[in-house]
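1. I would like to see how this sequence folds:
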Amino acid sequence: MSDDNNLEVQWPDLFQSIKGLQQGAKNKISVKTENIPIIFVPGIMGTRLKNEQGEKVWDPDAKGFMLWNYGLVTTGPADKKKMLVGDQFKETFLEPYEDDAEHNEDFSLAQYDNAAERGWGSLSWSSYGSILTALHERGKSPG
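-> Numbers count the residues shown, from 1 in each chain. Just a heads-up that it's a prediction; the model follows:
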């Protein structure tokens, strides 16, 4: 018997006995796949931040900015704290800095579908760009 036996199964069914296999037949099993959403949560140091006045206060992609504001010996801990916390701690002082047109253009974020809606502009692209690009490309390919 050389008949083909085509079966279609859901991927969770692969973890149990597959019903419908025929002895002596050429059994072809097709597995139905599905997209599984991935929620990517960057660390606080990989998120570009601005204060409530809209001024950039943390941007790992801006090396000169980070060196000037956080890396120089002349910038003391009190100055760094004031930049990140303000004069007095306020929960709403910082927010993701995603509406920076220059940054988004420098890293060509417009080429990615829904990059703005995904909040990709607020990420340190030099830290997370390669993984997000890989996930984006994988999501475009079938199966």
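2. what's around Leu67, how many residues?
-> 11 (other Cβ atoms under 10 Å). (Glycine included, C-beta is placed from N, CA and C.)
3. One more: the one 5 residues further on?
-> With neighbours defined by other Cβ under 10 Å, the count for Leu72 comes to 10.
4. for this protein, what spans make up the strands?
-> 4-10, 26-32, 49-51, 56-58, 94-96 (DSSP state E).
5. Looking at these, which is nearest to Val41?
-> Among these, the nearest to Val41 by Cβ to Cβ is strand 94-96 (12.0 Å).
6. Tabulate the strands of the chain (CSV), appending distance to His103, mean pLDDT and mean neighbour count.
-> Converted to CSV, the strands of the chain look like this (distance: least, Cβ to Cβ, whole Å; pLDDT from 0 to 100; neighbours: other Cβ atoms under 10 Å):
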stretch, distance to His103, mean pLDDT, mean neighbour count
strand 4-10, 42, 92, 12
strand 26-32, 40, 92, 12
strand 49-51, 11, 94, 19
strand 56-58, 9, 95, 20
strand 94-96, 12, 92, 15
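7. Is it possible to get these out as CSV so that each row also shows distance to Thr74?
-> Formatted as CSV, the entries for the strands of the chain read as follows, by distance: least, Cβ to Cβ, whole Å:
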stretch, distance to Thr74
strand 4-10, 62
strand 26-32, 61
strand 49-51, 21
strand 56-58, 18
strand 94-96, 24
